[in-house]
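> Everything below, folded, please.
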Amino acid sequence: MLLESVLTGAVRGGTSILYPTLGEVISERAGVVNLGTEGCMLAGALTAYAVGIETGSVWLGVVAGVVAGAVLGLLHAFMVITRRANPIATGLVVTFLALGLTALFGQDYVGQGVNAMGPVAIPGLSDLPFLGPILFDHDPLTYLSFAAAPAIWWVLFRTRAGLNIRAAGERPEVLEAFGTSPARVRYAAVVIGGALAGLGGAQLSTAFTLNWSERMTVGRGFVAVALVIFAAWDPLKAVGGAYLFSGAISLQLQLQARGWELSRYLLEAVPYLTVILVLVALSHRRRHAAPESLGRVLA
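A predicted model of the protein is given here:
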């Protein structure tokens, strides 16, 4: 059934987009835009894939991918927060750096088989008609993502740590008046965001595509940054954005597989056109939700 196949693909493929989107929500809530999310994803994808092959442990690969994303996040944080560099330009530089490094070190891993993180069917639930394959027959990182969004929402809006993150993005001077360094909070938020982007890249290479190829993220990191606006900087709404984009990808793949007489290039553009149209429709209503520090020179 077309609908079931599209929705299953939306959940399975949306995980690699959801993690970096959640990471960017945290980073932007603290007042720092990170266009280097694409680079963090690439670094995470290659590192997880390579370490998984070299060690024989896919979980060690995933951990290494998270660390790789965090390291690039730390680089972005240092340039933007400590050195006062422009966050947009710095994010692009981080992405280009990752493009070059992953192309250089990843060439030996193209076409190699990885110790894949296969799907784990949940007994009983995976046999349910329609909902079973959509929600209960996925890899462990996808199941983890189901809990990640509400957990991050709870941290941001129900804990002191989350209050500090939001204060760093809204009123850093108030945070400083209470004895907490906004720069330290922003550092933590950007590094966590990079780590989550690395986790998304790790899921992409070890659990979804099961391969490595140069530039394999094909813009997912940039889409994640755009989806933060769609989600109004809300982790729960980010789930819908990630699955919407991934569902559009799944739809075009299903239509191609079923032999629809449409241009392949037009179908491949559908997911990106979907994001653009949604952002155009919602941009006015979402503008007021942006943290006030976004776009300012960081103090």
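> pretty sure residue 248 contacts residue 270?
Yes: using Cβ atoms under 8 Å, residue 248 is in contact with residue 270, at 5.3 Å. All C-beta spots, glycine's among them, are computed from the backbone N, C-alpha and C.
> which of those two has more neighbours?
residue 248 (21 against 14; other Cβ atoms under 10 Å).
> And the more buried one, how far from residue 139?
21 Å (Cβ to Cβ, to the nearest Å).
> just residue 268 next, same as before
25 Å.
> Quick check on these two: which one has the bigger neighbour count.
Counted by other Cβ under 10 Å, residue 268 and residue 139 do not tie: residue 139 has more neighbours, with 20 against 14.
> quick one, phi/psi of the more buried one?
phi -80, psi 160 (degrees, to the nearest 10).
> what about it, distance to residue 263?
Distance from residue 139 to residue 263, by Cβ to Cβ: 32 Å.
> before we move on, what about residue 249?
As for residue 249, its distance to residue 263 is 16 Å (criterion: Cβ to Cβ).
> Which one's more surrounded, these two?
Between residue 249 and residue 263, counting by other Cβ under 10 Å, residue 249 is the more crowded of the two (23 against 8).
> In contact with that one, which residues?
By Cβ atoms under 8 Å, 6 or more residues apart in numbering, the contact set of residue 249 is 9, 13, 271.
> Spatially, which residue comes closest to the last one, not counting chain neighbours?
Distances taken as Cβ to Cβ, 6 or more residues apart in numbering put residue 248 closest to residue 271, at 3.8 Å, once the chain neighbours are dropped.
> Quick check: which element contains the one you found?
Residue 248 is part of helix 235-257 when elements are defined by DSSP states H and E.
> Centre of the chain to the helix or strand containing residue 188, how far?
Using DSSP H and E, residue 188 maps to helix 182-203. Computed by Cα atoms, centre = their mean, to the nearest Å, the separation of helix 182-203 from the middle of its chain amounts to 10 Å.
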